[in-house]
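Enquirer: Provided below are the primary sequence and the corresponding predicted coordinates.
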Amino acid sequence: MALKKRKETFMNDLHATTITGTDTVLEASVVEEFQVSLRGQLLHQGDNSYDEARQVWNRMIDRKPALIARCAGVADVINAVNFARTHNLLVAVRGGGHSVAGQAVCENGLMIDLSPMKGIRVDMATRTVRAEAGLTWAEFDLETQAFGLATTGGTVSHTGIAGLTLGGGVGWLMGKHGLTCDNLLSVDLVTADGQFRTANATKNPELFWAIRGGGGNFGIVTSFEFQLHPVGPTVLGGMVLYPITQARKVLLFYRDYAQNTPEDLTTFGALMTQPDGNSAIAVLVGWFGPLSEGSQHIKPLRQFGQPLADTVKPIPYCQLQSMLDEGAPFGWHRYWKSGYFKELSDEFIDIVIDYAEKKTSPLSAMFFYHLHGACTRVSPEATAFGLRESQWDFDISSQWTEPTEAEQHIAWTRDFWKAIEPFSHGVYVNHLDTDDGASRIRAAYGVNYDRLVDIKRKYDPNNFFRHNKNIPLRE
Ligand SMILES: Cc1cc2nc3c(=O)[nH]c(=O)nc-3n(C[C@H](O)[C@H](O)[C@H](O)COP(=O)(O)OP(=O)(O)OC[C@H]3O[C@@H](n4cnc5c(N)ncnc54)[C@H](O)[C@@H]3O)c2cc1C
């Protein structure tokens, strides 16, 4: 009865008799049959929640899928994959919708939206968790922290666990526990042929290798099983803030300090604007060892200069995980450039400060994510995430709210990137933007690229999953 009612509502809303896919026209009866096969909603233009469902984090992206399948479970994902393949529809897969390139939503085609899938179960005995692909890190952390456990997650809490894990996963706990993908034990996924598969160390091991860094190229992951670790509930966290006039001194200090900290301590650098409108430089701190031992390791950072503010104190782990949320809300316009840097040379630091001083938007920020410790000890060939050195992931994150301002902010970002690119040696695939082409995707994988191409050929021979940081079938 419920299905029948839903079907009638859908047909009433669907005034047109056809829906246009990428290169196909669907009869209403075909769409209706698909709707009835789903436990979740099927949305199309004109539905009340259609515009909300197609929004992603970066407001620069304004695409209108022909259909949005809001999946309630695995069966919906299988039906959606089979429907898109049968009707030759372009597919976009949405987890948390955070990709700056906005690849969670496509123009025309079918958006397969996993955000309603939020099941999660912690197993205390094995310290593991099974988590569905629609969860955000805020939701994941809340559930695992109820048991005093956590795994490496994103530094902005409304990021989806799915896209972040599949690209690698850089976060506060990486020094101590490795990348997010290093803590992955198993996934369930639906491949392009509509088959439901499990991939782990013993079942489909090649696929398991590829999805730990290879992104959404190989199938739609419906749930993840992670190893958890005792964390918190209280950690030492916060930031030590200096005026922008001291940026050079701070960065010269920070580059050496970060490389000599224990694995219990992760530090990030940030150039940003304070609420009073003045620019500042901050060193962000997360300490995960015994609380009584943290202060001695943070002391040099507090004492080498004269900070404007020092907010480092005992806080709940979940608070640390959301400390950066305010500077990255949904709805602003964005453009990013990013790369890995093995060292922060004097020359590089000077260029960064020069561009920071002439930034075109007060909302823009620059981040130094220091990869160190456990995440660098994993062999480059153990997972698809190949760039395993001690290094900085440096991001230029341009942000603004007025659509008409795009040109000047994008130009500043591109000029900035052009000046520092010669110092860079690769890139984190999850930080690539729309105009980063094939050569940069290749650069993200180092020695692992050719193996990824082979696995792509095997599991997705028609490049069904291509609305992503695409690993092509051939070059
Ligand atoms: C503000 C901000 C902060 C960030 N901070 C961090 C950070 O601290 N650490 C870090 O590592 N990264 C970080 N990132 C990058 C982040 O990892 C990527 O943007 C990632 O894609 C987000 O995942 P999502 O599920 O929210 O993305 P979505 O936009 O929903 O998905 C991105 C892509 O991932 C693939 N995908 C998503 N879900 C699935 C699935 N279930 N199965 C198969 N493929 C899927 C698809 O190809 C999709 O196009 C940050 C990004 C932003 C915007």
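Expert: That came through, no problem. Numbering: from 1, shown residues only.
Enquirer: in the longest helix belonging to the chain, which of the residues would be classed as buried?
Expert: In the chain, taking DSSP state H as the definition, the longest helix is helix 406-420. For helix 406-420, burial by neighbour count (16 or more other Cβ atoms under 10 Å) applies to 409, 410, 412, 413, 416, 417, 420. For the C-beta atoms, the positions are set from N, CA and C on the backbone; glycine is no exception.
Enquirer: got the CA coordinates for the next helix or strand after it in CSV?
Expert: Heading C-terminal from helix 406-420, the first helix or strand you meet, by DSSP states H and E, is helix 438-445. As requested, the backbone C-alpha atoms of helix 438-445 are provided in CSV (Å, rounded to 0.1, in the frame of the first residue of the first chain):
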residue,chain,number,x,y,z
ALA,A,438,45.0,13.2,-15.7
SER,A,439,48.7,13.9,-15.0
ARG,A,440,47.9,15.1,-11.5
ILE,A,441,45.8,12.0,-10.8
ARG,A,442,48.7,9.9,-12.0
ALA,A,443,51.0,11.9,-9.7
ALA,A,444,48.8,11.0,-6.8
TYR,A,445,49.6,7.3,-7.1
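Enquirer: contacts made by helix 438-445 with the rest, please.
Expert: By Cβ atoms under 8 Å, 6 or more residues apart in numbering, the list of residues contacting helix 438-445 from outside reads 213-214, 384, 386-387, 426-429, 432, 449, 452, 469-472, 475.
Enquirer: for the ligand, tell me which of the residues you listed show up nearby.
Expert: When contact is defined as Cβ under 6 Å from any ligand atom, the contacts of helix 438-445 do not meet the ligand at all.
Enquirer: the ligand: which of the buried residues of helix 406-420 is nearest?
Expert: Proximity of the buried residues of helix 406-420 to the ligand (Cβ to the nearest ligand atom) peaks at residue 413, which lies at 14.7 Å.
Enquirer: wait, the closest one touches residue 398, no?
Expert: Yes: at 4.5 Å, residue 413 counts as touching residue 398 under the criterion of Cβ atoms under 8 Å.
Enquirer: list residues touching both of those two?
Expert: In contact with both residue 413 and residue 398: 335, 336, 364, using Cβ under 8 Å, 6+ apart.
Enquirer: so the second one: helix, strand or coil?
Expert: Secondary structure for residue 336, judged by DSSP: H, G, I helix; E, B strand; the rest coil, is strand.
Enquirer: quick one, what contacts it?
Expert: Counted by Cβ under 8 Å, 6+ apart, residue 336 has contacts 100, 395, 396, 397, 398, 413, 431, 433.
Enquirer: for the last one, which residues are in contact?
Expert: Taking Cβ under 8 Å, 6+ apart, we find residue 433 in contact with 100, 101, 335, 336, 337, 338.
Enquirer: chain neighbours aside, what residue packs nearest to it?
Expert: residue 336 (4.7 Å; Cβ to Cβ, 6 or more residues apart in numbering).
Enquirer: next, the residue of the stretch 251-400 of the chain found nearest the ligand: phi, psi?
Expert: The minimum distance from the stretch 251-400 of the chain to the ligand, using Cβ to the nearest ligand atom, falls at residue 328 (3.7 Å). Phi and psi for residue 328, reported as degrees, to the nearest 10, are phi -140, psi 50.
Enquirer: can you pull out the helices in the stretch 251-400 of the chain?
Expert: 291-303, 317-321, 346-357, 374-377 (DSSP state H, counting those that start in this stretch).
Enquirer: kindly report the same for the stretch 51-200 of the chain.
Expert: 74-86, 137-145, 161-167, 174-177.
Enquirer: you'd agree residue 175 is up against residue 268?
Expert: No: at 11.2 Å, residue 175 and residue 268 do not qualify as touching, with contact defined as Cβ under 8 Å.
Enquirer: packing partners for the longest helix of the chain?
Expert: Where contact means 3 or more Cβ pairs under 8 Å, 6 or more residues apart in numbering; DSSP states H and E, helix 406-420 is packed against strand 333-341, helix 346-357, strand 391-400.
Enquirer: circling back: between the contacts of residue 433, which is closest to residue 69?
Expert: Of all the contacts of residue 433, residue 101 has the smallest distance to residue 69: 21.1 Å, by Cβ to Cβ.
Enquirer: next one: the residue nearest to the closest one when sequence neighbours are not counted from residue 102, what distance?
Expert: Nearest non-adjacent residue to residue 101, counting by Cβ to Cβ, 6+ apart: residue 434, 4.6 Å away. Using Cβ to Cβ, to the nearest Å, residue 434 is found at 7 Å from residue 102.
Enquirer: number of nearby residues for residue 147?
Expert: 14 (other Cβ atoms under 10 Å).
Enquirer: how far away is it from the ligand?
Expert: Distance, residue 147 to the ligand, by Cβ to the nearest ligand atom, to the nearest Å: 23 Å.
Enquirer: ok, back up a step: and residue 175 and residue 268? Which one has more around it.
Expert: With neighbours defined as other Cβ under 10 Å, residue 175 and residue 268 compare such that residue 175 has more, 25 against 22.
Enquirer: now do the contacts for residue 53.
Expert: 43, 68, 70, 111, 113.
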